[in-house]
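In: missing the sequence, but the structure's below:
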């Protein structure tokens, strides 16, 4: 038989009350049960901590996704506005080119009209328009046919 001294659930030296083997075994079993309960509690708390960590991680990722989406929306708006501005600028340039082309055309028409008026005043005939090269070939072929017969 083993003599063990226990005070307030803790083992001490010989000066305290002496326990028998049966009491010691029941005391150890009680401690083991308490340990098992505490281990279960620790495991439960760790599970809760892991669950909370997972929830926090998902919430953080969701916040990052929302921020990313908002930034993407802003970027898309900016890109759309830039495209609009580029289109407006291109339209303005095209309009400017068309105005310049119209002005050049009017200038040429005015110059041609003035030449016509000047030539009519002087009594000089307007030069005939030059023939297209294909017309010259046809004329040459006609002349050759006449010579042959």
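Out: Alright, I've got the coordinates. Predicted model only: the values in this text are computed from it and were never measured. Numbers count the residues shown, from 1 in each chain.
In: All the strands of this protein, residue numbers only.
Out: Shown for the chain, the strands assigned by DSSP state E span residues 4-7, 10-12, 18-19.
In: how close does residue 136 get to residue 142?
Out: Relative to residue 142, residue 136 is positioned 11 Å away (C-beta to C-beta, to the nearest Å). Glycine gets a C-beta too; all of them are placed from N, C-alpha and C.
In: Ok, residue 109 next?
Out: Distance from residue 109 to residue 142, by C-beta to C-beta: 35 Å.
In: Next: residue 121.
Out: Taking C-beta to C-beta, one finds residue 121 at 37 Å from residue 142.
In: Please apply the same query to residue 46.
Out: Using C-beta to C-beta, which is the criterion applied here, residue 46 is 108 Å from residue 142.
In: ok, now residue 100?
Out: 44 Å.
In: How about residue 77?
Out: For residue 77, the distance to residue 142 - C-beta to C-beta - is 71 Å.
In: Ok, residue 66 next?
Out: In terms of C-beta to C-beta, residue 66 sits 84 Å off from residue 142.
In: ok, now residue 39?
Out: 118 Å.
In: and what of residue 118?
Out: In terms of C-beta to C-beta, residue 118 sits 36 Å off from residue 142.
In: what's the straight distance from one end of stretch 122-138 to the other?
Out: 35 Å (C-alpha to C-alpha, to the nearest Å).
In: now swap in stretch 122-137 and tell me
Out: 35 Å.
In: Averaged pLDDT, that stretch. What do you get?
Out: Average pLDDT, stretch 122-137: 64.
In: what about residue 38, how many residues close to it?
Out: By other C-beta atoms under 10 Å, the residues close to residue 38 number 10.
In: And it, how close does it get to residue 31?
Out: To residue 31, residue 38 is 10 Å away according to C-beta to C-beta.
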